[in-house]
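Colleague: predicted coordinates and the sequence they were generated for:
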Amino acid sequence: MAKILILGASSTIAEHVARLYAKSENEILLVARNVQALTEISQDLGTRGVGKISTVVHDFSDIAGAQNLIKQCYEILGKIDVALIAFGTLPDQAEVSCDSSAMHKEILLNYNSILILLNELTPGFEQQQSGSIAVMSSVAGDRGRQSNYIYGSAKGGLSIFLQGLRNRLAEKNVQVLTVKPGFVDTPMTKSFDKGLLWVGPDKVAKDISKAIDKKKDVLYTPWFWWWIMLIIRAIPEKIFKRLKL
Ligand SMILES: NC(=O)c1ccc[n+]([C@@H]2O[C@H](COP(=O)([O-])OP(=O)(O)OC[C@H]3O[C@@H](n4cnc5c(N)ncnc54)[C@H](OP(=O)(O)O)[C@@H]3O)[C@@H](O)[C@H]2O)c1
């Protein structure tokens with residue numbers, strides 16, 4: 001039985017990933033702060049035929065509680081085959097720039113909290129010498145832009161951390177997958193105008209599941225963001241700093 005841990009299980013992308021693992025041979029542990037969402041998602045996964053499902057309620061802004069949380073996850077699942085970290089917030093850059101305490105909260109949740117969870121998860125994966133750790137980063141972390149560099153810097157730092165962790169865990173046969181989606185239509189982006197580059201969470205979830213199966217290191221999803229970011233990263237800073245992005 002494959003054992004799957006989802007930290008941030010109420011995320012729309014995570015919910016779609018969980019559906020892909022809802023098979024009789026799998027056991028899923030969902031962690032989120034929203035009790036109602038946890039109940040609804042676990043009931044839905046039950047009707048889709050998942051082998052075993054459990055839930056833990058946790059607010060990821062409680063960084064001091066991360067150690068106990070991960071201990072509890074290992075106690076419930078034993079071995080973890082796939083761990084997906086999917087929670088996050090997308091702050092309003094203009095608002096947060098004027099409020100350092102709000103900015104601090106955003107950085108703590110989108111960066112510090114994830115690093116501490118990864119740090120607690122790692123020894124178990126090292127011991128198992130198998131499994132996959134997949135983490136939601138973003139194309140926003142590839143280059144700082146005036147419209148979202150607070151969120152972007154958390155994702156950029158996270159991507160570098162994951163690169164280092166991948167390097168550490170490679171010899172232990174543990175996959176570390178950095179997921180870099182572009183624009184995905186979920187509650188996080190509900191206030192944005194949607195256009196051609198937008199996709200639904202089902203597409204991103206399928207790409208994540210395939211990338212886990214193929215033991216990929218970094219996933220740009222959909223694929224065309226790899227090309228878009230190649231161009232964005234190649235623009236000389238002298239020009240880039242003058243663009244209104
Ligand atoms: N959507 C995009 O365009 C996009 C693009 C690139 C990267 N991403 C990344 O993909 C991941 C998933 O986002 P999504 O698009 O699926 O958005 P979403 O549906 O809005 O999910 C975000 C989730 O984070 C949870 N969360 C926020 N603060 C939390 C806290 N303190 N404790 C526990 N849970 C908390 C929310 O739970 P509550 O329901 O309890 O608030 C929500 O379920 C995020 O890391 C995001 O940064 C998204």
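Modeller: Ah, there it is.

Colleague: quick check: the nearest residue to L169 once chain neighbours are set aside vs E15, distance?
Modeller: In space, and not counting its chain neighbours, L169 is closest to V176: 5.8 Å by Cβ to Cβ, 6 or more residues apart in numbering. Quick note: C-beta positions are derived from backbone N, CA and C, even for glycine. For V176, the distance to E15 (Cβ to Cβ, to the nearest Å) stands at 22 Å.

Colleague: sorry, back to before: okay but the residue nearest to L169 is in contact with I133, surely?
Modeller: Yes: using Cβ atoms under 8 Å as the test, V176 is close enough to I133 to be in contact (5.1 Å).

Colleague: what do those two both touch?
Modeller: Common neighbours of V176 and I133, using Cβ atoms under 8 Å, 6 or more residues apart in numbering, are 165, 169.

Colleague: and whichever helix or strand E120 is part of, what does it pack against?
Modeller: E120 belongs to helix 113-128 when elements are defined using DSSP states H and E. When contacts are defined as 3 or more Cβ pairs under 8 Å, 6 or more residues apart in numbering; DSSP states H and E, helix 113-128 sits against helix 66-77, strand 82-85, strand 132-136, helix 149-169.

Colleague: ok, whatever residue of the chain ends up closest to the ligand - contacts?
Modeller: Residue of the chain nearest the ligand, by Cβ to the nearest ligand atom: G88 (2.6 Å). Taking Cβ under 8 Å, 6+ apart, we find G88 in contact with 8, 11, 109-110, 136, 188.

Colleague: any idea of the pLDDT on it?
Modeller: For G88, the pLDDT comes out at 98.

Colleague: can you check M1 too?
Modeller: The model's pLDDT for M1 equals 82.

Colleague: what segments of this structure are helices?
Modeller: Secondary structure of the chain by DSSP state H: the helices cover 12-20, 35-47, 66-77, 93-97, 100-107, 113-128, 149-169, 201-213, 224-234, 237-240.

Colleague: surely G156 touches G144?
Modeller: Yes: here G156 reaches G144: they are 7.4 Å apart, a contact under Cβ under 8 Å.

Colleague: so which of those two has more stuff around it?
Modeller: G156 (19 against 15; other Cβ atoms under 10 Å).

Colleague: what sits closest to the more buried one if chain neighbours are left out?
Modeller: Closest to G156 by Cβ to Cβ, 6+ apart is G141, at 3.5 Å.

Colleague: mind listing what T39 touches?
Modeller: So T39 contacts T55 (Cβ under 8 Å, 6+ apart).

Colleague: tell me the gap between the lowest-mean-pLDDT helix or strand in the chain and the middle of its chain.
Modeller: Ranking every helix and strand in the chain by mean pLDDT, DSSP states H and E puts helix 93-97 at the bottom, with a mean of 95. Put simply, helix 93-97 sits 23 Å off its chain's centre (Cα atoms, centre = their mean, to the nearest Å).

Colleague: swap in stretch 237-245?
Modeller: How far stretch 237-245 lies from its chain's middle: 29 Å, per Cα atoms, centre = their mean.

Colleague: ends of it, how far apart?
Modeller: 13 Å (Cα to Cα, to the nearest Å).

Colleague: any buried residues in it, and which?
Modeller: The neighbour-count criterion (16 or more other Cβ atoms under 10 Å) identifies no buried residues in stretch 237-245.

Colleague: just stretch 129-142 next, same as before
Modeller: Neighbour-count burial for stretch 129-142 flags 131-142 (criterion: 16+ other Cβ under 10 Å).
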